[in-house]
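Q: my questions are about this predicted structure, shown below with the sequence.
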Amino acid sequence: MRPSAPLSPSSGLVMLLVFCPLLVVVHASSSKAENGHSTHLGDTDPDRCMRHHFVETITHPIYKCNSKMVLLARCEGHCSHTSRSDPLISFSSVLKQPFKSTCFCCRPHTSKLKAVRLRCAGGTRITATYRYILACNCEECS
């Protein structure tokens, strides 16, 4: 395992790459505001909302194809915002939704489309696509 050096002194961003078989883990240390919420990537809380990498084997459910291992990412962790439910006022005797609830969820903020090609019997190739998560953020649940 060998860590890399900081990017540049003026950027305020320090990137640490840890090289493992099939994995590249990126740890960023900075603080920025996105969507009106302050995001502290260098926060010391290990359970905060953040991207986690894992390796998955992709196989086709029907055709006999060679499987491939790919690096994926998920958003996982808690958000420090407080959830709440407020009563709604109505001038009708029937309230379909008597409360307005507000909560925040750990969700993908940015992602990119990726593809992997599987080689199948008879020489055919099948492409599997998926979204690779680049960043996670605490956003209001819908």
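A: Cool, the structure landed.

Q: all contacts plus neighbour counts: C-alpha atoms, from now on.
A: OK.

Q: got any ranges where this protein has weak pLDDT?
A: 1-44 (pLDDT under 70).

Q: the host helix or strand of residue 56 pairs with which strands?
A: Using DSSP states H and E, residue 56 sits in strand 50-58. Strand 50-58 has its sheet partners listed here by DSSP bridges as strand 68-76 (antiparallel).

Q: mind listing what's buried in the strand holding residue 56?
A: 50-53, 58 (16 or more other C-alpha atoms under 10 Å).

Q: closest to residue 75 out of those residues?
A: Comparing those against residue 75 with C-alpha to C-alpha places residue 51 closest, at 4.7 Å.

Q: measure the closest one to residue 68 for me?
A: With distances taken as C-alpha to C-alpha, to the nearest Å, residue 51 is found 22 Å from residue 68.

Q: residue 108 too?
A: 24 Å.

Q: those two - which one has more neighbours?
A: Using other C-alpha atoms under 10 Å, the more surrounded residue of residue 108 and residue 68 is residue 108, with 22 against 13.

Q: which helix or which strand is home to the more buried one?
A: When the helices and strands are read off by DSSP H and E, the one containing residue 108 is strand 104-119.

Q: what angle sits between that strand and strand 68-76?
A: Orientation note: strand 104-119 sits at an angle of 170 degrees relative to strand 68-76 (axes from the mean of the first three to the mean of the last three C-alpha atoms, to 10 degrees).

Q: can you list the strands that strand 104-119 pairs with?
A: Partners of strand 104-119, by DSSP bridges, with direction: strand 125-140 (antiparallel).

Q: list the buried residues in the strand it pairs with.
A: 132-133, 135-139.

Q: could you dump these to a markdown table with distance to residue 83?
A: A markdown table is the format used below for these (distance: C-alpha to C-alpha, whole Å):
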| residue | distance to residue 83 |
| --- | --- |
| 132 | 28 |
| 133 | 25 |
| 135 | 23 |
| 136 | 19 |
| 137 | 16 |
| 138 | 12 |
| 139 | 12 |
